[in-house]
Every structure is written in C-alpha cells, then in structure tokens.
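Colleague: I would like the atomic coordinates for the input below:
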Amino acid sequence: MNALLGGLGRLVGLRLVLRMTAGLPRRAARALLLATVLVVNVAPAVAVLTGAVGYGDVWLWLAVEVVTIYVWTLARALATREPGGPALGVAFFGVHYGMFALVPFLLGALLVLPAAPLRSPLLTVLVLGGLGFLAVGWSVAGAVVAGRRPSVGDYVRAYARMFLAYAALLLPLVAGTKDGTLLPLTDSRQRLLALVVLLAKLALELVLVVGIERRPDGRTYLLGRPIVVSTRRSS
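Modeller: Prediction:
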C-alpha cells in the first residue's frame, strides 16, 4: 500500500501540482511545488523501509520512467515541429535517447534481477508505470496545444534521469560475484542501496523541477541565478 500511494503521489500528484502552480503567486507556487516534490519522493523510501518493494523494483521503476519520458518527449517534439523546420535535433534525440532508453531493461536482466528479484512487478509495471505514462502524457498535452516545443532544459532533464537509471544498474555489483554469477543482495543491503538511489533521485528532482525555473523575463534560472542571459542589440 505504501508503494502504491507513493507511486501515485509522485507520478500523478506532481503533474497536477505543476498545473495548479501556474496561476499562483511565484513564492506560493514554488513553496507548493517544493513540498510536493519532497513528499512524493520520500514516500517510495517509506515503501523500501517497510519491505513492500526491493531494489529490483526501484530499478524497474526508474527504467520504466526513462522510456515514458522518451515516448512523450519525442511525441511532443514531432507534434510541435514547424512544417519544413529542421528535423536533425528531433531525429538525433529519437535515435540516440531511444537506443539508450532500452539498455537499462536489457542490462537490468543481467545485473539487477539476479541480485535483487522483483517483489511487486505487477504494481511497478502496470500500476505505477501505466499511471506514469498517462500522467506524463496529460502534462505534455498542454504544451502541445500551446505549440511549445521541447526546450534544451527538457532534453537535459530527460538525459539526467537516464543517467540515474544507468547508475542504478551498477550498484548491485557491490555484492560481488561467485563463478561469474552475481551474488544475491541481502535484505539489508537491498534496503541501503535502494535508499541511496532514492535519495539521489530526490536530489535530482529538486534540481530539475524546483531548482530550474523559467521566469516571465524570459530567462532561465538555476538555484536563483540566471543561466541564460538575454542580449540586447546596440543602438
């Protein structure tokens, strides 16, 4: 139940709050968004501590999220591309990110599952993965209707989340091998590694969702400092 509530909160609640904050004063919107990111990313850690999910489930959750982000980011890029406009960037993302988005599934079967078998596969794939797919699609729909193409920041966020999924692939190697086969992770080690990944996920989401902000002045800010400075033509 903790895993279900935590997953629902993160996948649906965060998207809902992103929509809600659009009409709020800036400070109130940032505070609400920060609180939501904290709550819905800490909830999976509670599920790990209670034993509802293990490290294998955490890895699968990240892998499913990477594919979900790929599908909807590519769909948004294709739907908002101007007729006759440059297609090289979209094609590169489609091939490059798509190719690497599938690798976690293939490598995970070799590196993660032997050491940390899934405890709740149906919950992770059908419930969390399915609802996550719908939630991200719902949030992308507004951008498509408004004609907003994916920004550089959107692509950076996508690759940053992929990097975390790859890092999660390598952690089970700490268990060691015997005769070329990965040794199973003990419950305590699964719990520790899962919490490490989830804390890294929380830090990443705080930077990507809360730390990066595009303000009405047209500039993008990272932790309150402008990272894209507008230029003026000299008269």
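Colleague: who are the packing partners of the host helix or strand of Ala158?
Modeller: Using DSSP states H and E, the element containing Ala158 is helix 152-170. Packing partners of helix 152-170 (3 or more C-beta pairs under 8 Å, 6 or more residues apart in numbering; DSSP states H and E): helix 55-80, helix 88-111, helix 187-205, strand 212-214. C-beta coordinates here come from the backbone N, C-alpha and C atoms, glycine included.
Colleague: for the longest one, buried residues please.
Modeller: Going by neighbour count (16 or more other C-beta atoms under 10 Å), the buried part of helix 55-80 is 55-74, 76-77, 80.
Colleague: next: the third one.
Modeller: Neighbour counts over helix 187-205 (16+ other C-beta under 10 Å) mark 189-195, 197-198, 201-202, 204-205 as buried.
Colleague: from the residues you listed, which single one is nearest Pro117?
Modeller: In terms of C-beta to C-beta, no member of those lies closer to Pro117 than Gln190, at 9.8 Å.
Colleague: enumerate every residue touching that closest one.
Modeller: The contact partners of Gln190, by C-beta atoms under 8 Å, 6 or more residues apart in numbering, come to 54-55, 116.
Colleague: name the nearest residue to it, sequence neighbours excluded.
Modeller: Closest residue to Gln190 apart from its sequence neighbours, by C-beta to C-beta, 6 or more residues apart in numbering: Tyr55 at 4.2 Å.
Colleague: out of the contacts of Gln190, which is nearest to Asp154?
Modeller: Distances from Asp154 to the contacts of Gln190, taken as C-beta to C-beta, are shortest for Tyr55 (29.1 Å).
Colleague: isn't the closest one right next to Leu195, touching?
Modeller: No - taking contacts as C-beta atoms under 8 Å, Tyr55 lies outside contact range of Leu195: 9.6 Å.
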